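*Asks:* starting from these lines, generate the structure:
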Amino acid sequence: MTKPPVRGRLRIYLGAAPGVGKTYKALEEARRRAGRGADVVLGLVETHGREHTTALLDGLPAVPRKTLGYKGCEFTEMDLDAILARRPAVVVVDELAHTNVPGSRNEKRWQDIDELLDAGITVLSTLDIQHLESLNDVIAGITGVVQRETVPDAVVRAAEQVELVDMTAEALRRRLEHGNVYPAEKIDASLRNYFRTGNLTALRELALLWVAGEVDDQLDRYRAEHHITRTWEIRERIVVALTGGPEGDTIIRRAARIAGRTAGADLLAVHVTRSDGLVDAGPDHLARQRRLVEDLGGSYHQVLGNDIPTAILDFARGVNATQLVLGASRRGPIASRLSAGVGATISVRSDAIDVHLVPHEATRTSRRSRRTPPALSMRRRLIGLAAALAGLPGVLAAALAVGLPLAATIVLLFGAVITVALIGGLYPAGLAAVGGFALLDYFLIPPKHSLAVGDRGNLLALVIFLVVAVAVSATVEMAARRTAEAARAHAESDTLSTLAGNVLRGDAALPALLERVRESFGMDTVTLLERATDSVDDPDLRRDPDQWHIVATTGAEPCTAPAHGDVEVPADDRRTLVLRGRRLEAADQRVAAAFAVQAAVALKQQRLTEQAAAVAPLTETDRMRTALLAAVGHDLRTPLAAAMAAVTSMQDTSVEFSPGDRAQLLDAAGESLTRLNRLVTNLLDMSRLQAGVIGVHLEDFALDEILPRVLDDLDATGLVDATVEPRLPLIRADSVLLERVLVNVVANALRYSPAHLPPHIEAAGTGSGTVRIRIIDHGPGIDPADHERVFQPFQRLGDRHNGNGVGLGLALARGLAEAMGVTVVPEDTPGGGLTMTVLLDVAA
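*Replies:* As a prediction, the model looks like this:
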């Protein structure tokens with residue numbers, strides 16, 4: 001059986017922007033390998049006419065490209081089959097993110113490269129950071145350009161080597177100015193738009209950070225593969241351990257100051273959750289501290305473990321931390337002497353990790369100093385006490401009446417004590433154990449009717465009885481407490497899981513969330529209040545309704561100030577959740593705190609959504625302005641330059657033109673000025689459309705009146721065939737605006753129609769009260785998925801600049817048509833091309 005080839009290796013040259021030298025570096029590596037005797041071929045290299053890059057092609061064999069036809073045009077692509085048949089050792093394939101022409105075997109070039117790698121061929125390729133899938137939206141926000149050709153990050157991460165080709169923004173702009181990147185006619189526009197210093201600096205930082213992240217991952221893999229747990233102080237990583245107490249804010253800020261002293265330091269916060277789920281922290285504190293860490297540029301982590309020092313140290317070593325920041329112990333002096341605390345244990349076992357113990361206001365204050373609520377109700381304890389007072393004498397009397405021996409009587413009394421423990425818990429059972437001890441001693445242990453004990457064996461039996469009875473009672477009490485805590489934890493988890501489900505589903509509407517709080521805790525009113533001022537130190541302000549305003553409320557009469565409710569739960573620094581109806585237990589307060597935090601988040605999301613909606617029109621206006629300025633840079637300047645050249649030539653007295661030459665120059669100037677006039681008219685019309693100030697004057701007229709004017713405006717009489725149905729009814733529209741609509745649609749058809757197949761206009765009635773005008777072309781057409789995109793302003797489908805127009809024609813046609821109540825619909829032309837259908841109402 002033939003052994004499959006060893007998979008080839010992929011080497012990617014990554015750059016921040018076009019022109020940094022990625023292809024040049026790839027070709028240098030190819031020449032170096034060829035010089036060592038390796039079989040190197042060029043699969044596909046795009047030099048973009050750059051002289052120094054083209055010079056490196058000499059001496060390297062190239063596999064001829066294959067030609068593919070698509071929509072009447074011919075394109076060249078890499079010949080994958082030819083390279084696989086040639087089976088070189090190394091192949092250079094430029095532009096990893098390229099999309100192949102439809103009809104190719106693979107949609108993307110990186111898929112072609114994957115086949116080459118499977119065949120055992122090493123590939124040298126290039127990529128700009130803007131084409132990484134994970135950074136697509138980030139880079140679009142920086143540059144204003146959405147990259148439609150992207151590569152999955154996993155493909156790039158799977159490469160054996162990713163080499164960064166770096167260049168400063170200033171150096172790249174100088175290279176562009178010298179004509180080493182783009183042709184001369186593109187230099188000015190490139191420098192003003194994509195290649196601005198800010199854009200290039202941001203792209204360079206993204207490229208550096210991405211490669212640094214890859215290097216970091218490689219180092220982590222190396223340490224894991226070689227079982228290296230010792231800290232390598234490559235860069236500062238500060239881990240801050242959070243207990244969930246109020247002191248966490250102080251510790252986080254101290255850790256952030258430590259991280260701020262070193263450029264590039266990482267800040268990580270970690271909280272250890274006990275696996276039994278019963279030792280918990282305040283969710284409101286943790287939620288606030290998580291936001292604080294993220295606001296300070298850090299990251300928040302939560303790990304599971306029963307041994308807190310071990311869990312913290314394992315996490316710190318796992319992230320290669322260099323420093324640990326913990327709060328100073330809140331344990332009292334006796335507890336500190338009996339056992340080492342978390343901070344002391346970590347300090348001893350930290351090895352190379354520096355440990356900082358930060359004092360805070362809660363130092364030496366026990367986090368569990370609050371009194372633990374009883375596991376059993378007072379009613380059950382009273383019943384247990386009654387059972388002890390009445391049951392033990394009754395059991396002893398029955399044993400004496402029957403004449404049971406001492407051992408049997410002890411067993412009966414022991415059973416009575418356990419029964420009391422099951423009913424009333426520890427304290428009644430402890431009293432029952434002491435009482436049983438006294439009753440046995442008084443009535444059954446010689447000398448009888450005395451608390452003295454004559455036999456040491458009897459004394460030992462009594463002591464064992466007392467100890468076992470108390471121990472069993474304590475166990476029963478603890479089991480009851482654990483059962484109650486587990487039931488409460490289950491109820492809390494149900495409530496919190498419902499809350500988390502609402503968050504994941506996006507059900508963050510404030511009224512619905514507050515109604516959920518009201519239902520969960522059986523409250524009359526739940527109100528979210530927001531401070532109107534920054535003053536919170538004065539207690540009177542918490543009772544002053546003028547200092548607060550209601551954000552959202554549910555239930556009966558809303559609370560107008562925090563002091564007007566029964567429960568107040570802070571949501572964040574400026575907002576608080578006020579509940580009225582009853583007081584909450586401490587455990588319920590924790591759940592309410594989680595709801596309060598989510599309410600604050602929901603409010604922020606609501607306001608961000610409102611702000612985004614308010615900014616959207618401004619963003620669209622800015623996009624239009626940017627596109628307009630980009631269009632003016634070329635599309636308005638080109639006809640103006642042509643007209644000026646013609647006029648200047650005629651003004652030159654040193655050259656004598658014949659009448660025919662002068663007529664040609666005048667025609668050229670007239671054609672350019674006509675084109676310029678049409679372009680400016682379109683821009684002005686689009687501006688009026690955007691401003692909503694265009695006037696519409698509907699009237700009844702015949703279509704025959706405006707079709708000749710449309711063709712004359714475009715100098716297309718004789719170029720465009722027009723067929724109008726005889727006795728076509730009058731139509732109702734704005735004749736001037738309809739003429740502008742048809743001029744733009746027909747101009748678009750002329751622009752893309754081949755010379756031997758001019759556009760055709762058909763006009764006919766539909767029989768349903770409308771007239772249909774169809775403008776049919778046989779050009780390359782567009783994908784049906786892009787039918788609506790052609791109506792976007794400044795939109796040209798494809799990467800080729802058509803040199804005529806700013807991409808406004810169809811957008812303007814659709815806008816003017818909608819202003820008149822007219823419909824413009826695109827559809828495919830049978831046999832290829834695009835048909836625009838204009839539907840108009842028939843006159844009444």
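*Asks:* ok, for Q606, nearest residue in space, not its chain neighbours?
*Replies:* Sequence neighbours aside, L510 is the residue nearest to Q606 in space, at 6.6 Å (criterion: Cβ to Cβ, 6 or more residues apart in numbering). No exception for glycine: its C-beta is placed from N, CA and C like everyone else's.
*Asks:* burial of that neighbour, as a residue count?
*Replies:* L510 has 19 neighbours, counted by other Cβ atoms under 10 Å.
*Asks:* pLDDT score assigned to it?
*Replies:* What the model reports as pLDDT for L510 is 76.
*Asks:* is it in contact with L603, as I believe?
*Replies:* Yes. Applying Cβ atoms under 8 Å, one finds L510 in contact with L603, separated by 6.1 Å.
*Asks:* and the gap between A592 and V272?
*Replies:* From A592 over to V272 the distance is 24 Å, taken as Cβ to Cβ, to the nearest Å.
*Asks:* overlap of the contact sets of L510 and L603?
*Replies:* L528, V551, A552 (Cβ atoms under 8 Å, 6 or more residues apart in numbering).
*Asks:* just the ones of those in strands?
*Replies:* Among the shared contacts of L510 and L603, the members falling in strands (DSSP state E) are L528, V551, A552.
*Asks:* in a markdown table, list the residues you listed along with pLDDT and neighbour count.
*Replies:* Shown next, in a markdown table, are these (pLDDT from 0 to 100; neighbours: other Cβ atoms under 10 Å):
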| residue | pLDDT | neighbour count |
| --- | --- | --- |
| L528 | 89 | 27 |
| V551 | 85 | 20 |
| A552 | 87 | 22 |
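*Asks:* which member of the residues you listed is positioned nearest G21?
*Replies:* V551 (55.5 Å; Cβ to Cβ).
*Asks:* quick check: chain neighbours aside, which residue is closest to that closest one?
*Replies:* Closest to V551 by Cβ to Cβ, 6+ apart is L528, at 4.5 Å.
*Asks:* any idea of the mean pLDDT for stretch 746-766?
*Replies:* Mean pLDDT, computed over stretch 746-766, is 88.
*Asks:* quick one: buried residues of that stretch?
*Replies:* The neighbour-count check on stretch 746-766 (16 or more other Cβ atoms under 10 Å) flags 746-750, 752-753, 758-763 as buried.
*Asks:* picking up where we left off before, tell me who's in contact with the residue nearest to V551.
*Replies:* By Cβ under 8 Å, 6+ apart, the neighbours of L528 are 510, 514, 550-553, 571, 575-578, 599, 603.
*Asks:* the same query, at a cut-off of 10 Å, please.
*Replies:* 510-511, 513-514, 517, 550-554, 558-559, 569, 571, 575-578, 596, 599-600, 602-603 (Cβ atoms under 10 Å, 6 or more residues apart in numbering).
*Asks:* now, which of those lie within strands?
*Replies:* Judged by DSSP E, the contacts of L528 include I550, V551, A552, T553, T554, V569, R575, T576, L577, V578 as members of strands.
*Asks:* of the residues you listed, closest to L10?
*Replies:* When the ones in strands among the contacts of L528 are compared against L10 (criterion: Cβ to Cβ), the nearest one is R575, at 52.1 Å.
*Asks:* so what's the residue count around that closest one?
*Replies:* Residues contacting R575 under the criterion other Cβ under 10 Å number 19.
*Asks:* same question for the one 5 residues further on.
*Replies:* Residue crowding around R580 was assessed by other Cβ under 10 Å; the count is 19.
*Asks:* list phi and psi for it.
*Replies:* Dihedral angles of R580 (phi, psi; degrees, to the nearest 10) stand at phi -130, psi 130.
*Asks:* again with G343
*Replies:* phi -60, psi -40.
*Asks:* that one reaches A241, doesn't it?
*Replies:* Yes. Between G343 and A241 there is a contact at 8.9 Å, judged by Cβ atoms under 10 Å.
*Asks:* ok, these two, which is more surrounded?
*Replies:* Set side by side, G343 and A241 show more neighbours around A241, with 27 against 20, by other Cβ under 10 Å.
*Asks:* direction included, what does the helix or strand containing the more buried one pair against?
*Replies:* Under the criterion of DSSP states H and E, A241 resides in strand 237-242. As defined by DSSP bridges, the strand partners of strand 237-242 come to strand 266-273 (parallel), strand 323-327 (parallel).
*Asks:* next one: that strand to chain centre, how far?
*Replies:* Centroid separation for strand 237-242 versus its chain: 25 Å, with Cα atoms, centre = their mean, to the nearest Å.
*Asks:* export that strand to PDB, keeping only CA atoms.
*Replies:* Extracted C-alpha coordinates of strand 237-242, given in PDB (Å, rounded to 0.1, in the frame of the first residue of the first chain):
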ATOM      1  CA  ARG A 237       1.400  39.200  34.600                       C
ATOM      2  CA  ILE A 238      -0.300  40.300  37.800                       C
ATOM      3  CA  VAL A 239      -3.000  38.000  39.300                       C
ATOM      4  CA  VAL A 240      -5.300  39.400  41.900                       C
ATOM      5  CA  ALA A 241      -7.200  36.900  44.100                       C
ATOM      6  CA  LEU A 242     -10.800  38.000  45.000                       C
END
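*Asks:* packing partners of whatever helix or strand comes next after it?
*Replies:* Later in the chain than strand 237-242, the nearest helix or strand by DSSP H and E is helix 248-260. Judged by 3 or more Cβ pairs under 10 Å, 6 or more residues apart in numbering; DSSP states H and E, helix 248-260 is in contact with strand 237-242, strand 266-273, helix 283-295, strand 323-327, strand 354-358.
*Asks:* circling back: any buried residues in the strand holding A241, and which?
*Replies:* Neighbour counts over strand 237-242 (16+ other Cβ under 10 Å) mark R237, I238, V239, V240, A241, L242 as buried.
*Asks:* what is the first one paired to in the beta sheet?
*Replies:* If I follow you right, that is R237. Assigned bridge partners for R237, using DSSP bridges, are D266.
*Asks:* again, but for the fifth one
*Replies:* With DSSP bridges applied, the residues forming beta bridges to A241 are V270.
*Asks:* understood, closing this out.
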